[in-house]
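Student: mind looking at a prediction? Sequence and model below.
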Amino acid sequence: MNRHLLLACFLLVALCGAPGCPVPAAAAPGLEECAKIDDDAARLRCFDEMAGRKPKAPAVTAAPSPPAESRREEPSFLSKRWQLDEESRQKRFAIMSHRQNYILPYTYNFHQEKATYEAANPDVEIQDAEIKFQISLKMKLWEDMFGMPLDLWAAYTQLSLWQFYNKDYSSPFRETNYEPEILFNYRTNTDLFGLMRSRFIQVGLNHQSNGRAEPLSRSWNRVAANFGFERGVFNAQLKTWIRIPESDDEDDNPDITSYMGYGELWMGTVWKDFHLALMLRNNLRFDDNRGAMQFELSFPLIEHLNGYIQYFTGYGETLVDYNHYTNRIGIGVMIKDW
């Protein structure tokens, strides 16, 4: 029997030493070895390997969306124009646009008044085609005056009509208006019966003149009030004024309020990528009614410029033409607000 047992052991050893005999895998680490690992993640992997578990891939979770109060809307048109909210505030003395800054390389006046200018310049014949451009800037001088939501601004606007195509007469500037202003702007954010929101109340001193000698000299001074309203993408500004009286000897245009009236209404909105604006002005006289309308359309062109179309009809486009009817259309570019 011992002989048979020895033979069996000999055969077993021979088979295990033969090529292809399965070799047991290395033993997994023991509990004590896993327990000695300091790193928590590595120690957990060690225990999982002992148990034969495969590690799961970490779940990918989307980043939490910011709370509603932290998602701020882009400032509105009036807010950017007058820095009405914290998001639109800039440093004091920063120069920014006041009214539109534009150039219309070609405008055509279907009702050009020539007699006044040609009487003062008999050697010049005025053409109906002109270049029209406007530069309008402002800066904030004082913010939160006396601890109130009241800001002090200084503004300057210059509007010019240039007879650029009138080469026979050296392309003269037919008219330039200069308009400095001091403005006190009181910031409001008041709901008006659910219809609109009042955004500001503004009072200022306004001087406008054309810097010409007689008989083309025109000028006037006003105390003006402006009220700003918004609803969604729609905005409106109602501006009214009182003329500061001048003596008869110094008054170049005593009847200017008969043509310019005592106020105007500006309205604007956005439709897709198009910005539309409309100005209405009237002297509110039934017996001798006069007024004006200006329509503006702007649209994206390149990074800092918009295409710009302007149509004006009525009285008071410029000071020299305040008492003459104008009917002008022009096309050009407008600098985007900064």
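Tutor: In hand now; what should we look at?

Student: can you list the buried residues in stretch 41-55?
Tutor: Buried residues in stretch 41-55, defined by neighbour count with 16 or more other CB atoms under 10 Å: C46. (C-beta placed from N, C-alpha, C; glycine too.)

Student: and if you look at stretch 303-317?
Tutor: 305-306, 308, 310, 312-317.

Student: quick one: mark the members of these that sit in strands.
Tutor: Under the assignment DSSP state E, those contribute 305-306, 308, 310, 312-314 to strands.

Student: between which two of those is the distance greatest?
Tutor: Farthest pair in those (CB to CB) is L305 and G314. Separation: 27.9 Å.

Student: so where's this protein shaky on pLDDT?
Tutor: 1-30, 52, 54-72, 338 (pLDDT under 70).

Student: give me the helices and strands touching the top strand by length along the chain, please.
Tutor: For the chain, the longest strand by residue count, based on DSSP E, is strand 173-192. For strand 173-192, the packing partners by 3 or more CB pairs under 8 Å, 6 or more residues apart in numbering; DSSP states H and E come out as strand 129-142, strand 150-162, strand 196-209.

Student: would you turn those into CSV with mean neighbour count and distance to I37?
Tutor: Putting the helices and strands packed on strand 173-192 into CSV (neighbours: other CB atoms under 10 Å; distance: least, CB to CB, whole Å) gives the following:
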stretch, mean neighbour count, distance to I37
strand 129-142, 18, 65
strand 150-162, 18, 66
strand 196-209, 18, 65
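
Student: next, format these as a markdown table and append distance to N185.
Tutor: Shown next, in a markdown table, are the helices and strands packed on strand 173-192 (distance: least, CB to CB, whole Å):
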| stretch | distance to N185 |
| --- | --- |
| strand 129-142 | 9 |
| strand 150-162 | 5 |
| strand 196-209 | 5 |
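
Student: these: which one's closest to D249?
Tutor: The nearest among the helices and strands packed on strand 173-192, by CB to CB, is strand 196-209 at 16.2 Å.

Student: return the residues in contact with R222.
Tutor: Residues counted as contacts of R222 (CB atoms under 8 Å, 6 or more residues apart in numbering) are 205-206, 208, 241-244.

Student: which residues does it bridge with?
Tutor: N206, R243 (DSSP bridges).

Student: any idea how far it is from K36?
Tutor: 90 Å (CB to CB, to the nearest Å).

Student: likewise Y165?
Tutor: Per CB to CB, Y165 is found 94 Å from K36.

Student: out of those two, which sits in the busier spot?
Tutor: Y165 (14 against 11; other CB atoms under 10 Å).

Student: SS state for the more buried one?
Tutor: What DSSP: H, G, I helix; E, B strand; the rest coil gives for Y165 is coil.

Student: next, the contact list for it, please.
Tutor: Applying CB under 8 Å, 6+ apart to Y165 gives the contacts 127, 129-130, 171.

Student: quick one: those as JSON lines, columns for distance to F229 too.
Tutor: Output for those, formatted as JSON lines (distance: CB to CB, whole Å):
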{"residue": "Q127", "distance to F229": "41"}
{"residue": "A129", "distance to F229": "38"}
{"residue": "E130", "distance to F229": "34"}
{"residue": "S171", "distance to F229": "42"}
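
Student: for the longest strand of the chain, buried residues please.
Tutor: Neighbour-count burial for strand 173-192, counted by 16+ other CB under 10 Å, picks out 174-179, 181, 183-185, 187.

Student: distance of E49 relative to E33?
Tutor: 11 Å.

Student: actually T313, sorry about that
Tutor: T313 is 94 Å from E33, where distance means CB to CB.

Student: quick one: the helix or strand containing L44 to chain centroid distance?
Tutor: Assigned by DSSP states H and E, L44 belongs to helix 40-51. In terms of CA atoms, centre = their mean, to the nearest Å, the centre of helix 40-51 is set 59 Å apart from its chain centre.

Student: stretch 292-308 too?
Tutor: Worked out by CA atoms, centre = their mean, stretch 292-308 lies 13 Å from the chain centre.

Student: only C-alpha atoms, please: export that stretch in CSV.
Tutor: Taking C-alpha atoms only, stretch 292-308 is exported to CSV below (Å, rounded to 0.1, in the frame of the first residue of the first chain):
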residue,chain,number,x,y,z
ALA,A,292,-42.2,118.1,-35.9
MET,A,293,-41.6,114.4,-36.1
GLN,A,294,-38.3,112.5,-36.3
PHE,A,295,-38.1,108.7,-37.0
GLU,A,296,-34.9,106.7,-36.4
LEU,A,297,-34.0,103.1,-37.3
SER,A,298,-30.7,101.5,-36.4
PHE,A,299,-29.4,98.0,-37.0
PRO,A,300,-26.2,96.0,-36.4
LEU,A,301,-23.4,96.7,-38.9
ILE,A,302,-20.0,96.0,-37.4
GLU,A,303,-18.7,95.8,-33.9
HIS,A,304,-19.0,99.4,-32.8
LEU,A,305,-21.2,100.8,-35.5
ASN,A,306,-24.9,100.5,-36.3
GLY,A,307,-26.5,101.3,-39.6
TYR,A,308,-28.7,104.3,-39.2
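
Student: what does it rub up against?
Tutor: So stretch 292-308 is in contact with 100, 102, 104, 264, 273-282, 309-317, 331-336, going by CB under 8 Å, 6+ apart.
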